[in-house]
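> no FASTA, just this:
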């Protein structure tokens, strides 16, 4: 199983290396394709339908205030916003029953 970090903030890899040294030399990508996720340990922020593809999903959680949304976050910003990593078990129960017209 490969470990992949999926984040768009440059400070996230620095934060992960500082607080979780076991992931410091892991590949980081800004946007993941399903083939990047399937069967892998993934650390980051994913929509639920993509998180369900991961063998392990570790969600990067923080409370970002409105004025900081959409901006580049530093490692220090992430610490200020209470960043932590929590493992979630996500699985799809049924395929979608709704289709676009």
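Now that the structure is in, tell me what you want to look at. Bear in mind the structure is a predicted one, so any value in this text is a computation, not a measurement.

> going forward, measure contacts between C-alpha atoms and count neighbours the same way
Fine.

> now the lengthiest helix in the chain: buried residues?
Of all the segments assigned as helix in the chain under DSSP state H, the longest by residue count is helix 10-19. Across helix 10-19, burial judged by 16 or more other Cα atoms under 10 Å covers 11, 12, 13, 14, 15, 16, 17.

> and what of stretch 77-90?
Neighbour counts over stretch 77-90 (16+ other Cα under 10 Å) mark 77, 78, 81, 83, 84, 85, 90 as buried.

> the fifth one contacts residue 45, doesn't it?
No - Residue 84 sits out of contact with residue 45 when judged by Cα atoms under 8 Å, with a separation of 11.7 Å.

> which residues does the worst-scoring helix or strand of the chain on mean pLDDT contact?
Within the chain, no helix or strand scores below strand 27-29, which has a mean of 84 by mean pLDDT, DSSP states H and E. For strand 27-29, contacts defined as Cα atoms under 8 Å, 6 or more residues apart in numbering pick out 3, 4, 5, 6, 7, 8, 13.

> farthest-separated two in the residues you listed?
3 and 8 (16.4 Å; Cα to Cα).

> for the spatially most central residue of the chain, what are its contacts?
In the chain, the residue lying closest to the centroid (Cα atoms, centre = their mean) is residue 44, at 1.1 Å. Residue 44 makes contacts with 5, 6, 7, 57, 58, 59, 60, as judged by Cα under 8 Å, 6+ apart.

> what's the burial count for the fifth one?
By the measure other Cα atoms under 10 Å, the count of residues near residue 58 is 20.

> now it, what's its secondary structure?
What DSSP: H, G, I helix; E, B strand; the rest coil gives for residue 58 is strand.

> as CSV, the buried residues of stretch 77-90 with secondary structure would be great.
Below are the buried residues of stretch 77-90 laid out as CSV (three-state DSSP):
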residue, secondary structure
77, helix
78, helix
81, coil
83, coil
84, strand
85, strand
90, coil
